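S.K.: Here is my input; please provide its structure:
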Amino acid sequence: MAALPSPIAEPSLADRLNADCFCIEIDRERLWDEVDRRCDGVVPRAAMANLVSNVPVFVSRSDHEAMIAIVRAIEAAVTKRAYRDRVLSWAPDIARHDPGPIGVFTGYDFHLTPEGPRLIEVNTNAGGAFLCASATAAQTACCAELENAATATGAAFEARVIAMFESEWRRQGRTTALRTIAITDDDPIGQALYWEFRLAEAMFERHGYEAVIADPRRLVHRHGRLWVDDLAIDLVYDRLVDFALDAPEHRALRDAHLAGDVVLTPSPRAHALYADKRNLAVLSDPEAMAGFGLATEDLAALHGVPVTVPVTAANAEALWRERGAYYFKPAGGHAGKAVYRGDKTTRGVWERIVAEGHHVAQRLVVPSRRNVLVDAIPTERKADIRLYTHAGEVLLTAARLYRGQTTNFHTVGGGLAPVVVLPECL
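M.R.: Prediction:
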């Protein structure tokens, strides 16, 4: 007797809403009016066309709780001396300097699957939170149940962010009041998320801090302080992707950080402990993680980390043969740069990956989907879910919608999107 075919799982409520629901949308005029107001009316709207999507992404409460469990398992691992020693063994020397802060806006990125959420990567200067919080506040919904679900995650965002920066200040042993904050990135005006820097600057100023957006080449370290022109800086909110501060133009920031003359967050140590892609090879190894003394529930949560291995000369040929099952990512990568999907990787690119010796192979996890309206036509986009966190607590849950291999801000109908965590009773 022939075996019966396996039943096809019914789409979840979140899947159905992501496919068909357009009754919650972002009031773009309201959003841009808010951004304009926060940024003194200097935002060119055309430059932000694809930064924020028109729709939210729906996530089940069980998936949201599973993502939080993975976050807390990794935070628990970082508290273990043996785990820290393991991941710092391949980190740059500067990462061994520990002045106290743990890093603002640690971003945990997930793909949602029928078997539950899978952690794709961790970022220590995760961008987009300020814009997504503004988009959350600009949502409109057709019913009270969804309106409440859509706005709950962003309601206390600003208070949480201020408390986070104050916490980082105190973690470095500071007992005086935090007064001055610099937001730094290379060529900040040229960054896609420059307008988010303006939102952050305005938020700091609303709360009584003096804030400035500064290219690191404007920073000077002298007389035991870090300076931007004639302003002494207490704390730097670092958005650089030179995670070890190796570049000559970052020398003043590096020196002030090592001397303890400024509070830098996130720091090179935070990147080494959380965001180096080689760490995923440890986190996805059940035997290794069991040896660090984690609680049973944390070990169970880490099943949500896809198998990851360093690419080496020894395993290169086997990985090449099985490349369709993997993504290849650089250890210190960011924003999808130098990331290759295995089935689209050429032999020439592969030989360069092996020669460079700093990529990892991560088991391919297909992202979930969200339909958006493009010219009134439902059009599919891929979806990543990001939890912005500090000390293991979630500040904001957001999504990124895109087309192509990795997330970007060029997809029509794509960009940052609020997340609606569905109530169990809906």
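S.K.: burial measure for residue 244, as a count.
M.R.: Neighbour count for residue 244, taken as other C-beta atoms under 10 Å: 17. Heads up, the C-betas are built off the backbone N, CA and C, glycines and all.
S.K.: Same question for the one 3 residues further on.
M.R.: Other residues near residue 247 come to 14 when the count uses other C-beta under 10 Å.
S.K.: Could you report the pLDDT at it?
M.R.: Predicted confidence (pLDDT) for residue 247: 97.
S.K.: counting residues per strand, which one in the protein is longest?
M.R.: Using DSSP state E, we find that the single longest strand of the chain is strand 377-390.
S.K.: so what's residue 30 up against?
M.R.: By C-beta atoms under 8 Å, 6 or more residues apart in numbering, residue 30 lies in contact with residue 138.
S.K.: Name the secondary structure element that contains it.
M.R.: helix 28-38 (DSSP states H and E).
S.K.: buried set for that helix?
M.R.: By neighbour count with 16 or more other C-beta atoms under 10 Å, helix 28-38 contains the buried residues 31, 32, 34, 35, 38.
S.K.: ok, for the first one, nearest residue in space, not its chain neighbours?
M.R.: By that I understand residue 31. residue 138 (3.9 Å; C-beta to C-beta, 6 or more residues apart in numbering).
S.K.: Is that neighbour in contact with residue 25, as I believe?
M.R.: No - using C-beta atoms under 8 Å as the test, residue 138 is too far from residue 25 to be in contact (9.3 Å).
S.K.: Do a quick rundown of the helices in the stretch 51-200 of the chain.
M.R.: 61-78, 81-88, 129-137, 144-152, 157-171, 194-206 (DSSP state H, counting those that start in this stretch).
S.K.: Of all the ones you listed, which one is nearest residue 240?
M.R.: helix 194-206 (12.4 Å; C-beta to C-beta).
S.K.: relative to helix 28-38, how tilted is the closest one?
M.R.: With axes from the mean of the first three to the mean of the last three C-alpha atoms, to 10 degrees applied, the angle from helix 194-206 to helix 28-38 works out at 50 degrees.
S.K.: just checking, next helix/strand downstream of the longest strand of the chain?
M.R.: The C-terminal neighbour of strand 377-390 among helices and strands, as given by DSSP H and E, is strand 393-402.
S.K.: which of the residues in that next one are buried?
M.R.: Buried residues in strand 393-402, defined by neighbour count with 16+ other C-beta under 10 Å: 394, 395, 396, 397, 398, 399, 400, 401, 402.
S.K.: Which of the residues you listed sits closest to residue 189?
M.R.: Of the buried residues of strand 393-402, the one sitting nearest to residue 189 (C-beta to C-beta) turns out to be residue 400, at 22.8 Å.
S.K.: does that closest one really touch residue 383, like I thought?
M.R.: Yes - proximity of residue 400 to residue 383 meets the contact threshold set by C-beta under 8 Å, at 7.3 Å.
S.K.: any common contacting residues for these two?
M.R.: With C-beta under 8 Å, 6+ apart, residue 400 and residue 383 have common neighbours residue 417.
S.K.: May I ask which helix or strand of this protein has the lowest mean pLDDT?
M.R.: helix 144-152 (a mean of 55; mean pLDDT, DSSP states H and E).
S.K.: Can you list the low-confidence ranges for the stretch 51-200 of the chain?
M.R.: 141-155 (pLDDT under 70).
S.K.: List the contacts of stretch 131-142.
M.R.: Contacts of stretch 131-142 from elsewhere in the structure, counted by C-beta under 8 Å, 6+ apart, are 23-28, 30-31, 34-35, 38, 51-52, 56, 147, 150-151, 153-154, 157-158, 193, 195-196, 199, 396, 398, 416-418.
S.K.: quick check, distance from that stretch to the centre of its chain.
M.R.: Centre-to-centre, stretch 131-142 and its host chain are 19 Å apart (C-alpha atoms, centre = their mean, to the nearest Å).
S.K.: Sort out which residues of it are buried, please.
M.R.: 131, 132, 133, 134, 135, 136, 137, 138, 139, 141.
S.K.: Regarding the residue nearest to residue 254 when sequence neighbours are not counted, what is its secondary structure?
M.R.: Once flanking residues are discounted, residue 254 sits nearest to residue 245: 3.9 Å by C-beta to C-beta, 6+ apart. Under DSSP: H, G, I helix; E, B strand; the rest coil, the three-state class of residue 245 is coil.
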